[in-house]
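1. coordinates for the following, if possible.
(one chain, ligands or ions: 4)
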Amino acid sequence: MNVIRRLWMWLWRPSARLAVGVVLIIGLVGGAGGIVVFNMALANTNTTAFCTRCHEMGTALNELQKTKHYLNRVGVRAECPDCHVPEGGLPKYLAKLAAAKDVWGRITGVIDTPEKYEALRLEMAKGVWAKMKATDSRECRSCHDFNAMKFDDQDKTAAKKHQRIMKEKGDERKTCIDCHQGIAHTLPSGVEE
Ligand code: HEC
Ligand code: HEC
Ligand code: HEC
Ligand code: HEC
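-> Ligands and ions are numbered 1, 2, ... in the order given. Next up is the predicted model:
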């Protein structure tokens, strides 16, 4: 106890003997170090391998592996964070903070058996849909762009719908996730495609 109290007092003692410059330098170096560590942590937690540390019993990954987003003709793969984590900036930091809920969920084991996963699937899916709706399917658009689509090569219905919603404005405008659910995972039972 004594040691801790002394350390505490030392920490808060005015720095009579340290030049302000030294304090500043320590602060800057410490701050820079913190940013580096923080960014490394962000990078390391933004991989499929990291996600499957918890989502290890594999439902999400197994399902993804059967879709075109995992294996396709052109060799572009969508990893878990590509669809679920904002690309950068404040939205990304906030998403990472919100993931603290996942850690708690892990500790309490809310999806640690296939049965529990199925029981929670609809609720989880609804959460994802709501997020995607709110961002106008931002994560989809980091790969897909209507302006880069060659509509002639798409089937007629797709080309027609896409070109129509490209022109639409306002709140009623449909977004990718309105029409494309279940592209990476099995739809919750009872939900129509
Ligand atoms: C520490 C363990 C853990 C890690 C690591 C983890 N998850 Fe989760 N995840 C969970 C648990 C538990 C749930 C169940 C619901 C809850 O508690 O949020 C969940 C729920 C989800 C959901 C559905 C609900 C929601 O919040 O949107 C998505 C999507 C998801 N995780 C994606 C990911 C992705 C992508 C990664 C990697 C960037 C990841 N998870 C890493 C444990 C984890
Ligand atoms: C990492 C890039 C990437 C992201 C992120 C991504 N996609 Fe894709 N998507 C692709 C590629 C590449 C293909 C082409 C696969 C093929 O047909 O060869 C594709 C194919 C598709 C297809 C047609 C094949 C199918 O599975 O039906 C749809 C629909 C689609 N994406 C919708 C979406 C939606 C909706 C999102 C967001 C939830 C999304 N994509 C996110 C890269 C991505
Ligand atoms: C109003 C409904 C609707 C919306 C909104 C919509 N799509 Fe589609 N899309 C379709 C239909 C219908 C098809 C054809 C059947 C299918 O693949 O599901 C299609 C097909 C596709 C394909 C496959 C094209 C092919 O020829 O293989 C991709 C990729 C795709 N959509 C991406 C997107 C993306 C990305 C968004 C958002 C930027 C989006 N769509 C928004 C209805 C929609
Ligand atoms: C191509 C985009 C895409 C990729 C890649 C992707 N997801 Fe998802 N994920 C979705 C969408 C869209 C939903 C919402 C439910 C639906 O429509 O299937 C979802 C839903 C979920 C859910 C909620 C349960 C469910 O089945 O609906 C979890 C958990 C999840 N994803 C985890 C992951 C993990 C872990 C990975 C990597 C192994 C991953 N996702 C890769 C698009 C993606």
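2. what residues does the chain have near ligand 3?
-> Counting by CB under 6 Å from any ligand atom, the chain comes close to ligand 3 at 137, 140-141, 144, 146, 154-155, 157-158, 161-162, 165, 174-176, 178-180. Heads up, the C-betas are built off the backbone N, CA and C, glycines and all.
3. in ChimeraX, select just the buried ones from those residues.
-> Entered in ChimeraX, the line below selects the buried ones among those, by 16 or more other CB atoms under 10 Å:
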select :137,140,162,165,175,176
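4. so which of the residues of the chain next to ligand 3 reach ligand 4?
-> Restricting the residues of the chain next to ligand 3 to those within reach of ligand 4 (CB under 6 Å from any ligand atom) leaves nothing.
5. now, which of the residues of the chain next to ligand 3 lie within helices?
-> Counting by DSSP state H, the residues of the chain next to ligand 3 place Cys140, Arg141, Thr157, Ala158, Lys161, His162, Ile165, Cys176, Asp178, Cys179 in helices.
6. least confident of the residues you listed?
-> Lowest-confidence member of these: Ile165, scoring 92 (pLDDT).
7. distance of that one from Met9?
-> Distance of Ile165 to Met9, given as CB to CB, to the nearest Å: 64 Å.
8. helices or strands up against the one helix or strand Lys133 maps to?
-> Per DSSP states H and E: Lys133 is located in helix 114-134. Here helix 114-134 touches helix 138-141, helix 176-179, going by 3 or more CB pairs under 8 Å, 6 or more residues apart in numbering; DSSP states H and E.
9. looking at the ones you listed, which is closest to Leu42?
-> The closest approach between Leu42 and any of these, judged by CB to CB, belongs to helix 138-141 at 16.1 Å.
10. do the closest one and ligand 1 meet at all?
-> No - shown here: helix 138-141 not in contact with ligand 1 (CB under 6 Å from any ligand atom), separated by at least 10.2 Å.
11. quick one: contacts of that helix?
-> The contact list for helix 138-141 (CB atoms under 8 Å, 6 or more residues apart in numbering) reads Asp82, Cys83, His84, Val85, Pro86, Glu87, Pro91, Met132, Cys176, Ile177, His180.
12. look up phi and psi at the third one.
-> The phi and psi torsions at His84 (degrees, to the nearest 10) take the values phi -110, psi -10.
13. that one and ligand 1, how far apart?
-> Between His84 and ligand 1 the distance is 4 Å, computed by CB to the nearest ligand atom, to the nearest Å.
14. ditto for Asn46
-> For Asn46 relative to ligand 1 (CB to the nearest ligand atom), the value is 6 Å.
15. test my guess that that residue contacts His84.
-> No - counting by CB atoms under 8 Å, His84 is not a contact partner of Asn46; they are 9.9 Å apart.
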